[in-house]
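Enquirer: Need a 3D model of the following:
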Amino acid sequence: MAATMAQTLVPDLVLQNADPAADRAMLDRLALWMQRSFAPIVAADPPDGIILESAGADHLHGGEAAMLATLCSRLAGAGFDVQAAIADHWGAAHALARFAAPSARFSAPGRAAEDIATLPIAALRIAPAVVEALHLLGFARIGDLSAPPRAPLTLRFGPELGRRLDQAHGRIAEPIAAIRPPDRIAARLAFAEPIAAAETIARCIAMLAARLCESLEGKGLGARQLDLLCQRVDSRAQALRVGTALPLRDARRMTRLLCDRIETIDPGFGIEAMTLTAIATERLAPRQAASCLIEAATPDVSDLIDLLANRVGAGNLYRLAPVPSDVAERAVRRIPPLAPPTGASWPLQWPRPARLLTPPEPIETVALLPDHPPVFFTWRGMRRRVHCADGPERVFGEWWKRDAEQEAVRDYFRIESDGGERYWVFRAGDGRDARSGSQRWFLHGIFA
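Expert: Residues are numbered from 1 along each chain as shown. I've put the predicted structure just below:
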């Protein structure tokens, strides 16, 4: 309807002029952020979509499902209404993201054709006039177009319908023109003849790493994230992403990190070009080498950390740091392996177990109230007799965090069973007042 009529019906209606250029610029900025944070190959899919090729990078986020959940969570936190899907091909992912139910937007490998068969034909990215004409002919779902002969449909609607159908099923390639950061630092090799052997790819990676390090050195930078893009002769791209714990400008280490995952690159019929890009960089000043005559060399474990992090995922590699808290499960947190010291120290007056159970597991005990340790306890169906014990160590709730902890109390005991195992158990409550806890017993940790 006309704007004046809409304002008459809704007096508080807010009108804003459409700005397609600004919308496209915002979409490009969002694609650049996704490229730095999630995947090497990212492109805008106007007017409201972004396409990612996650192969070669999803292992850094815990797998495809975990990466999809993280992506949606971060976009939702930024105020975006998100519909996302993962599939083998661009056309299938586009259809699932826009037309499938939320529970059906993760397509397992090899099942894209089956997952999109029940979606409406509008999901094929064809013109609305063609969709309407197909409806008149009785075609409602994508699966309906698989059985009829292709020639009559092509004769009536042109080659676009068949091309979109083949793209959705992955029968023909649909290259993704990845967005390029304006300030990217990259090195590129093009080959007169396509290459495919792993040894040849490794040699080319070494050449690219050397060239990239020269560019980084000229700008005083080190790479924190590297993307290797392999352009195949069939117009498909293979991508590989590695990250580093510290800024890196060592061609040998770059080559080792990338070649460690070279088996994930599928050369197909051959690779005609390779590009190595420093997608994330930091300042890296020149450093004088240590002299063994003056000072002891400082061990450098960053190479090992980078190798492990790119195999198991950066989120799965960490070290533990103390947190000032008497509550055991709050007294430790995860920090990056090479993070600087936090300044906090571990408590020395009371030893803590090497392994904490999260959450604490209930046990059945016999103990004298209020301050005696258990005589025996049953944990995971096995009864253990207590040989000796030390305690109690009373831990009060942190009332400044939750009102429910104002009167909460835990009494901890270090006990040793007759088999020599040492455990850390506690009673929820002080043994007298029911308001201090349930008076139940739990096993919270196991000493080494």
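Enquirer: the bottom helix or strand of this protein by mean pLDDT?
Expert: The weakest-scoring helix or strand in the chain, judged by mean pLDDT, DSSP states H and E, is helix 302-312 (a mean of 84).
Enquirer: Could you give me the buried positions within it?
Expert: Neighbour counts over helix 302-312 (16 or more other C-beta atoms under 10 Å) mark Ser302, Asp303, Ile305, Asp306, Leu308, Ala309, Asn310 as buried. Where C-beta positions appear, they are placed from N, C-alpha and C, glycine not excepted.
Enquirer: Tell me the one among these nearest to Ile86.
Expert: Using C-beta to C-beta, Asn310 comes nearest to Ile86 of the buried residues of helix 302-312, at 21.4 Å.
Enquirer: Let me see the confidence value for Arg330.
Expert: On pLDDT, Arg330 comes in at 86.
Enquirer: what's the spacing between it and Leu189?
Expert: To Leu189, Arg330 is 52 Å away according to C-beta to C-beta, to the nearest Å.
Enquirer: more crowded one of the two?
Expert: Neighbours per residue (other C-beta atoms under 10 Å) separate Arg330 from Leu189, with Leu189 holding more: 16 against 12.
Enquirer: ok, and the closest non-adjacent residue to the more buried one?
Expert: With C-beta to C-beta, 6 or more residues apart in numbering as the criterion, Leu189 has its nearest non-adjacent residue at 5.0 Å, and that residue is Met274.
Enquirer: What about Cys204, how many residues nearby?
Expert: If you count neighbours by other C-beta under 10 Å, Cys204 ends up with 18.
Enquirer: helices or strands next to the host helix or strand of it in the packing?
Expert: Element membership of Cys204 [criterion: DSSP states H and E] is helix 198-219. Secondary-structure packing of helix 198-219 (3 or more C-beta pairs under 8 Å, 6 or more residues apart in numbering; DSSP states H and E): strand 185-195, strand 221-232, helix 251-259, strand 271-283.
Enquirer: Dump these into CSV; add mean pLDDT as well.
Expert: Below are the helices and strands packed on helix 198-219 laid out as CSV (pLDDT from 0 to 100):
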stretch, mean pLDDT
strand 185-195, 93
strand 221-232, 92
helix 251-259, 93
strand 271-283, 93
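Enquirer: among the ones you listed, which is the most enclosed?
Expert: Burial of the helices and strands packed on helix 198-219 is given as mean neighbour count (mean count of other C-beta atoms under 10 Å); strand 221-232 ranks first at a mean of 22.
Enquirer: strands paired with that one, and their directions?
Expert: strand 237-248 (antiparallel), strand 271-283 (antiparallel) (DSSP bridges).
Enquirer: other SSEs contacting the least confident helix or strand of the chain?
Expert: strand 237-248, helix 251-259.
Enquirer: next SSE after it?
Expert: Once helix 302-312 ends, the next helix or strand along the chain (criterion: DSSP H and E) is strand 319-322.
Enquirer: Mind giving me the packing neighbours of the following helix or strand past that following strand?
Expert: Next along the chain after strand 319-322, taking DSSP H and E as the criterion, comes strand 332-335. Strand 332-335 makes packing contacts with strand 319-322 when contacts are defined by 3+ C-beta pairs under 8 Å, 6+ apart.
Enquirer: got a list of what the residue sitting furthest away from the middle of the chain touches?
Expert: Within the chain, the residue lying farthest from the chain centre (C-alpha atoms, centre = their mean) is Leu368, at 49.6 Å. For Leu368, the contact set (C-beta atoms under 8 Å, 6 or more residues apart in numbering) is empty.
Enquirer: returning to what we had before: starting at the chain centroid, how far to the least confident helix or strand of the chain?
Expert: 16 Å (C-alpha atoms, centre = their mean, to the nearest Å).
Enquirer: contacts for it?
Expert: Contacts for helix 302-312 (C-beta under 8 Å, 6+ apart): 59-60, 242-246, 248, 253, 256-257, 260-261, 316-317, 337-338.
Enquirer: do that again at 7 Å, thanks
Expert: Identification of contacts with helix 302-312 by C-beta atoms under 7 Å, 6 or more residues apart in numbering yields Val242, Gly243, Thr244, Ala245, Leu246, Arg253, Leu257, Asp260, Arg261, Leu317, Pro337, Leu338.
Enquirer: Spatially central residue for this protein, please.
Expert: Nearest to the geometric centre of the chain sits His61, at 2.4 Å (C-alpha atoms, centre = their mean).
Enquirer: Could you double-check that that residue sits in contact with Met67?
Expert: Yes: with contact defined as C-beta atoms under 7 Å, His61 reaches Met67; the gap is 3.8 Å.
Enquirer: so what sits against both of those two?
Expert: Counting by C-beta under 7 Å, 6+ apart, the contacts common to His61 and Met67 are Phe38.
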